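Undergrad: dropping the sequence and predicted coords here.
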Amino acid sequence: MLQLYDTLTREKLAVSPSEGETLRFYCCGPTVYGPSHIGNFRSFLVQDLFRRVVELGGIKTKHVRNLTDVDDKTIRRSQEEGKSLAEFTNFWGARFHADCNALHILRPHEEPSAVKHIAEQIALIEILMAKEHAYRGADGSVYFSVSSYADYGKLSRLDKRELRLGSSQTAHDADEYEKDSLADFALWKAHKPEDGPNAWDSPWGRGRPGWHLECSAMGMKYLGESFDLHSGGVDLCFPHHENEIAQSEAATGVEFVRHWFHISHLRVEGEKMSKSLGNLYTLADLEEKGWNADEMRYTLLAGHYRQPLNFTFDTMHAAQHALHRLGDFAEKLLQLAGKERLPDYEALLRKAPPEFGVFRPAWEALLDDLNAPEALGQLFKGVKEVETKLKAGQVRAEEAGEILTGLGAIVAAFGWALPAAAGETGGEETPEEIRELAQQRWEAKQAKDWAKADELRDALKEKGWAVKDGTDGYELTSL
RNA sequence: GGCGAGGUAGCCAAGUGGUAAGGCCGGGGUUUGCAAAACCUCUAUCGCGGGUUCGAUUCCCGCCCUCGCCUCCA
């Protein structure tokens, strides 16, 4: 069973459903106001790894991940572009889904949108008002009263005094005087002119929900008042998750979430990600540089999730080679076993947990707080062990099949589609002329006419194409 | 200032009270017409200074440095 560190208790806790057979968990999703960058994807990818490990371990899941489609940023940007909020957020939401598909991130079972759950959010505020955990400020907004909730600060371990004295807070905008206390946060924001047409009716007048509220309202709607696990980037710990706990528990009186799972941030080439450094890479940026989704998955999952990860192009390169090795390794075994491909995720789930065989240590590393780096280490140890036997001709067909099951299971946990071994003939975009030359070279080579083959290869090189031979075919790459 | 994380080979990155996984790069080799790929093999004493211990990279203390959060950023 998976043991996972819990931010609240600071201990590793077993991950299992509290009720029934399904693990119910919520992940804070993206704010759809632009393309997500690799830092965002690190979180979604780690959550995906988490889900795969849980499911491969034989536990069903109900996975909810929201789309934040109403907040300051979405409203402002949509107006700057002269689009309606819906048009704007639908566009970026679709882009997010396309990116997730490209990265083989499993689709959540529910993906609620904040604007489509205004009623649920209002209902939650009404409960908080009735229980006197919320009040109406001078500006017409509704605030949560932090002082009414004794446990406030338990997740981030910030006490109220520190919250007030936080050094980074500039604290002198007009809002300060509209709230009873600086730490209080908005549940409902009264309409302001700059919000344009983006306002909804509520018992407190027209306005829009506060950001923190949507996760509480939608989490509880789809997973129940109390559910198993909640995840997000470390930065969400405070104030977002702290506020979610406060408003949810104040409303229901029961524990909101049993287990908090936070993912550390990414650094890029040793530096912090920022717009000014131009290193907020999106999936499209990396694709343009020639990297594929599996390489990104490998790189972004190669560090421990609780540790800041330094994303570098050296690591991407390392990932590319590592994946190729795994692909070649799988290919050898597939041939030996007389099979076409590794077992896929769905097939593995049908008899979860699978037999990991020599890759058992890699699986165990994943079960121990999703220790992906250790798992990768163990994976390659297993590969080497098998390679040695393979070389000595000591692996029989049925054994190869068993090894493939274990390998396939680890590969499925990481969610990769391994590159096929060399042997493909040119891609579709390859110009006819080039394919022609490559084919001629291949024929010359088959005829052992080395001089002609080399000549043709040089010709290809001049035209900007490299050719690499495999065992029974060749691969063309554009230089 | 408060809370927290971390400093391990050229790069990335695990880990342990008994002299340090794995990947990439680089060197050497096997194989291959060549090239590529693949396979084998080699490369660190764990930020600095003390202490505890038979023994510390791993525990304690001090110091230096990096990073995150402290009101809407995954």
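TA: That came in fine, so what should we check first? Just so it is clear, the model here is predicted, and its values are computed rather than measured.

Undergrad: hmm, the biggest helix by length in chain A touching RNA strand B?
TA: Using DSSP state H to define each element, chain A has its longest helix at helix A:313-337. Yes: using Cβ under 7 Å from any atom of the strand, helix A:313-337 reaches RNA strand B at A:Asp314, A:Thr315, A:His317, A:Ala318, A:Ala319, A:His321, A:Ala322, A:His324, A:Arg325, A:Asp328, A:Phe329. Heads up, the C-betas are built off the backbone N, CA and C, glycines and all.

Undergrad: okay, buried residues for that helix please.
TA: A:315-316, A:319-320, A:322-323, A:326-334, A:336-337 (16 or more other Cβ atoms under 10 Å).

Undergrad: quick one: contacts of that helix?
TA: Helix A:313-337 has contacts (Cβ atoms under 8 Å, 6 or more residues apart in numbering) with A:269, A:286, A:289, A:291, A:294-296, A:298-299, A:302, A:340-342, A:376, A:379-380, A:383, A:386-387, A:390, A:395, A:397-398, A:400-401, A:403-404, A:407, A:411, A:416, A:418-421.

Undergrad: tell me the spacing between the closest residue to RNA strand B within chain A and A:Val32.
TA: Taking Cβ to the nearest atom of the strand, RNA strand B has its nearest neighbour within chain A at A:Gly233, 1.6 Å off. Distance, A:Gly233 to A:Val32, by Cβ to Cβ, to the nearest Å: 16 Å.

Undergrad: more neighbours: which of these two?
TA: Remark: of A:Gly233 and A:Val32, A:Val32 carries more neighbours, 27 against 20, as counted by other Cβ atoms under 10 Å.

Undergrad: what secondary structure does the residue lying closest to the more buried one once chain neighbours are set aside sit in?
TA: Sequence neighbours aside, A:Trp92 is the residue nearest to A:Val32 in space, at 3.9 Å (criterion: Cβ to Cβ, 6 or more residues apart in numbering). Secondary structure of A:Trp92, reduced to three states by DSSP: H, G, I helix; E, B strand; the rest coil: helix.

Undergrad: mind listing what A:Trp92 touches?
TA: Residues counted as contacts of A:Trp92 (Cβ under 8 Å, 6+ apart) are A:Val32, A:Tyr33, A:Gly34, A:Pro35.

Undergrad: distance of the third one from A:Met129?
TA: What that stands for is A:Gly34. 35 Å.

Undergrad: drop anything exposed from the contacts of A:Trp92.
TA: Among the contacts of A:Trp92, those scoring as buried are A:Val32, A:Tyr33, A:Pro35 (criterion: 16+ other Cβ under 10 Å).

Undergrad: ok, the first one - contacts?
TA: When you say that, I think you mean A:Val32. With contact set as Cβ under 8 Å, 6+ apart, A:Val32 has these partners: A:Leu67, A:Thr68, A:Asp69, A:Thr74, A:Thr89, A:Trp92, A:Gly93, A:Phe96.

Undergrad: A:Thr477 too?
TA: By Cβ under 8 Å, 6+ apart, the residues touching A:Thr477 are A:Trp465, A:Ala466, A:Val467, A:Lys468.

Undergrad: ok, which stretches of the stretch 101-250 of chain A are strands?
TA: A:134-136, A:142-144, A:185-190, A:207-209, A:229-233 (DSSP state E, counting those that start in this stretch).

Undergrad: can you say which of those strands is packed in most?
TA: Among the strands of the stretch 101-250 of chain A, ranked by average contacts under mean count of other Cβ atoms under 10 Å, first place goes to strand A:142-144 (a mean of 27).

Undergrad: helices or strands up against that one?
TA: Contacts defined by 3 or more Cβ pairs under 8 Å, 6 or more residues apart in numbering; DSSP states H and E place strand A:142-144 against helix A:118-130, strand A:134-136, strand A:185-190, helix A:242-252.

Undergrad: report the contact partners of the residue lying closest to A:Ala186 once chain neighbours are set aside.
TA: Distances taken as Cβ to Cβ, 6+ apart put A:Gly210 closest to A:Ala186, at 3.9 Å, once the chain neighbours are dropped. When contacts are counted by Cβ under 8 Å, 6+ apart, A:Gly210 touches A:Phe185, A:Ala186, A:Leu187, A:Trp188, A:Lys189.

Undergrad: again, but for A:Val395
TA: Contacts of A:Val395 by Cβ under 8 Å, 6+ apart are A:Leu333, A:Leu336, A:Val386, A:Lys389, A:Ile403.

Undergrad: what do you get for A:Ser202?
TA: Shown in contact with A:Ser202 (Cβ under 8 Å, 6+ apart): A:Ile122, A:Ile125, A:Trp188.

Undergrad: and those residues as JSON lines, adding pLDDT and distance to A:Asn371?
TA: Listed next are those as JSON lines, based on pLDDT from 0 to 100; distance: Cβ to Cβ, whole Å:
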{"residue": "A:Ile122", "pLDDT": "96", "distance to A:Asn371": "43"}
{"residue": "A:Ile125", "pLDDT": "96", "distance to A:Asn371": "41"}
{"residue": "A:Trp188", "pLDDT": "95", "distance to A:Asn371": "43"}
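
Undergrad: can you list the domain ranges for chain A.
TA: Domain assignment for chain A by automatic domain parsing gives A:3-263, A:267-414, A:432-478.

Undergrad: wait, A:Ile403 touches A:Phe356, no?
TA: No: applying Cβ atoms under 8 Å as the test, A:Ile403 and A:Phe356 come out as separate, 10.1 Å apart.

Undergrad: between these two, which has more neighbouring residues?
TA: A:Ile403 (25 against 21).

Undergrad: quick one: that one from A:Leu128, how far?
TA: Separation of A:Ile403 from A:Leu128 (Cβ to Cβ) stands at 56 Å.

Undergrad: ok, now A:Phe313?
TA: Per Cβ to Cβ, A:Phe313 is found 48 Å from A:Leu128.

Undergrad: for A:Trp363, same thing?
TA: Using Cβ to Cβ, A:Trp363 is found at 44 Å from A:Leu128.

Undergrad: can you show me the strands along the stretch 351-479 of chain A?
TA: Under the criterion DSSP E, counting those that start in this stretch, the stretch 351-479 of chain A contains strands at A:465-469, A:474-478.

Undergrad: comparing those by mean pLDDT, which bottoms out?
TA: Sorting these by mean pLDDT places strand A:474-478 lowest, at a mean of 73.

Undergrad: quick one, what contacts the closest residue in space to A:Leu124 that isn't next to it in sequence?
TA: In this structure, A:Leu124 finds its nearest non-sequential neighbour in A:Ala217, 4.9 Å apart by Cβ to Cβ, 6+ apart. Counting by Cβ under 8 Å, 6+ apart, A:Ala217 makes contact with A:His117, A:Glu120, A:Gln121, A:Ala123, A:Leu124.
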